[in-house]
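In: Next one to model:
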Amino acid sequence: MATASTSCDKLPIDWEVLCAEGPALTNHVGCVIGNSFYIHGGVTKYGTTHPSDKLYKMELLSSRWAEVTDPGSPSLSHHACVVLENRYMTLIGGWDGRQRVTKIYVYDTQEKRWLFMNDSGFPEGAGLSSHAATVFSSGRILIIGREGSLRLQRKHGNVYELTGSVLSGQFVYRKMTNATSSRSGHTVNCLGNTVYIIGGRDDQLIEFHSGYSTAEPNGSLTSKFANIVKSCKPMTKPPSGRKNHVTFTGNGCMIIHGGETFDGRSREPVGEMFLVTTKPHLTYYKIGNASVSRASHVCVNTGDRVIIHGGIAGKNVVHGETYELKLRK
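Out: Okay, here's the model as predicted:
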């Protein structure tokens with residue numbers, strides 16, 4: 001019988017502690033703007049329905065977290081985040097403690113203030129949570145699942161385009177299709193002109209759609225990811241479905257870390273890492289089991305650095321450590 005995975009002979013990459021003491025959060029969001037790593041919201045205790053309104057910033061040169069106390073920060077978890085104009089941390093949807101919302105909040109990292117945007121076009125009586133978003137070079141934002149009623153657990157696989165600007169204070173949702181699979185806790189990444197939707201359900205690990213274009217991280221680290229396959233053998237079949245993982249891209253490849261699997265092996269977050277090359281077709285490689293097992297964590301990729309923060313691990317403990325990915329020599 002064919003095995004599901006073939007690991008590398010030696011784990012070629014792993015996580016190393018960047019900051020051992022940070023805000024303990026899960027189901028939060030994050031981004032890098034300039035030399036600063038921002039994280040927002042989430043929850044401090046597994047299972048709670050009361051999201052945080054805290055915003056934190058780590059200067060990448062010092063690797064220390066500090067709370068940003070500018071007034072107006074919204075209480076949100078299970079939301080999405082994109083960066084606009086290399087200045088605005090833009091929060092989309094999420095759970096506000098009472099219901100799913102479609103509101104757009106913006107933190108201006110230059111003026112150091114919160115801005116509330118007006119939004120329109122989303123179906124009445126529905127909201128967003130555990131969805132994923134990516135921004136294109138044009139400034140248009142693609143939002144994929146999870147749309148549902150304001151409080152119930154029904155979910156849909158709809159895709160929306162969000163257009164507008166911070167300057168105008170106006171954003172408009174437009175439904176593009178409902179032909180995608182229903183997912184929750186998935187990731188969305190763009191390589192070349194193709195969007196890859198990963199995880200969030202027990203089957204069809206990766207779904208992809210062409211005809212898009214966005215800027216990809218271009219740095220010394222991400223350009224080396226594809227070299228990892230030289231020490232690994234392709235898997236005979238794709239990994240099992242998973243959710244609440246992270247995915248980051250390199251030169252013609254994607255790397256998946258952690259999450260919660262649907263295969264019944266474990267009810268706790270895993271440390272598995274997989275590399276997926278996209279040409280000439282999707283090929284999977286199991287890098288191995290990382291030293292850090294996490295789910296519902298935040299990942300940022302500058303091209304030269306990949307950093308994760310927080311999330312849950314064994315026994316649903318919420319963590320506050322920050323790790324940086326290191327290539328083994």
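In: give me the low-pLDDT residue ranges for the stretch 151-300 of the chain?
Out: For the stretch 151-300 of the chain, the stretches with pLDDT under 70 are 151-157, 178-179, 215, 265-266.
In: ok, now with 90
Out: For the stretch 151-300 of the chain, the stretches flagged by pLDDT under 90 are 151-159, 176-183, 192-193, 201-204, 209-218, 230-231, 262-267.
In: What ranges does it have for its strands?
Out: 159-165, 170-177, 187-191, 194-198, 206-210, 242-243, 246-250, 253-257, 260-261, 272-277, 283-289, 298-301 (DSSP state E, counting those that start in this stretch).
In: Quickly run through the sheet partners of the fourth one, with directions.
Out: Based on DSSP bridges, the strands next to strand 194-198 in the sheet, each with its direction, are strand 187-191 (antiparallel), strand 206-210 (antiparallel).
In: Can you lay out the strands of the stretch 151-300 of the chain as CSV showing mean neighbour count?
Out: Using the backbone N, CA and C atoms, a C-beta is placed for each residue, glycine as well. Converted to CSV, the strands of the stretch 151-300 of the chain look like this (neighbours: other C-beta atoms under 10 Å):
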stretch, mean neighbour count
strand 159-165, 19
strand 170-177, 16
strand 187-191, 22
strand 194-198, 21
strand 206-210, 16
strand 242-243, 24
strand 246-250, 23
strand 253-257, 23
strand 260-261, 21
strand 272-277, 23
strand 283-289, 19
strand 298-301, 23
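In: what about those strands, which gets the closest to residue 46?
Out: Closest to residue 46 of the strands of the stretch 151-300 of the chain is strand 260-261 (C-beta to C-beta; 12.0 Å).
In: which outside residues touch that closest one?
Out: 185, 240-245, 267-270, 272, 295 (C-beta atoms under 8 Å, 6 or more residues apart in numbering).
In: can you check stretch 166-179 too?
Out: Against stretch 166-179 from outside (C-beta under 8 Å, 6+ apart): 84-85, 88, 90, 102, 104, 106, 108, 115, 117-123, 142-143, 156-165.
In: End to end on stretch 54-73, go ahead and measure it.
Out: 7 Å (C-alpha to C-alpha, to the nearest Å).
In: What of stretch 177-188?
Out: Note: stretch 177-188 ends 16 Å apart using C-alpha to C-alpha.
In: Buried residues, that stretch. List them.
Out: For stretch 177-188, burial by neighbour count (16 or more other C-beta atoms under 10 Å) applies to 180, 182, 183, 184, 185, 186, 187, 188.
In: what's the offset of it from the middle of its chain?
Out: 13 Å (C-alpha atoms, centre = their mean, to the nearest Å).
In: Residue 15 is nearest to which of the strands paired with strand 194-198?
Out: Per C-beta to C-beta, nearest to residue 15 of these: strand 187-191, 17.5 Å.
In: can you give me the angle that closest one makes with strand 253-257?
Out: Interaxial angle, strand 187-191 versus strand 253-257 (axes from the mean of the first three to the mean of the last three C-alpha atoms, to 10 degrees): 160 degrees.
In: Strand 187-191 to strand 246-250, inter-axis angle?
Out: Going by the same axes, to 10 degrees, strand 187-191 makes 10 degrees with strand 246-250.
In: Can you list the neighbours in contact with strand 187-191?
Out: Contacts to strand 187-191, defined as C-beta under 8 Å, 6+ apart, come from residues 132-134, 136, 142, 144, 195-200, 212-214, 216, 245-249, 252-254, 256, 278.
In: burial of residue 30, as a residue count?
Out: 23 (other C-beta atoms under 10 Å).
In: Now do the SS call for it.
Out: strand (DSSP: H, G, I helix; E, B strand; the rest coil).
In: Verify the contact between residue 46 and residue 26 for me.
Out: Yes. Proximity of residue 46 to residue 26 meets the contact threshold set by C-beta atoms under 8 Å, at 6.7 Å.
In: So which of those two has more stuff around it?
Out: The neighbour comparison of residue 46 against residue 26 (other C-beta under 10 Å) goes to residue 26, with 28 against 13.
In: Quick check: the more buried one vs residue 262, distance?
Out: To residue 262, residue 26 is 19 Å away according to C-beta to C-beta, to the nearest Å.
In: Could you give the bridge partners of residue 83?
Out: Beta-bridge partners, per DSSP bridges, of residue 83: residue 89.
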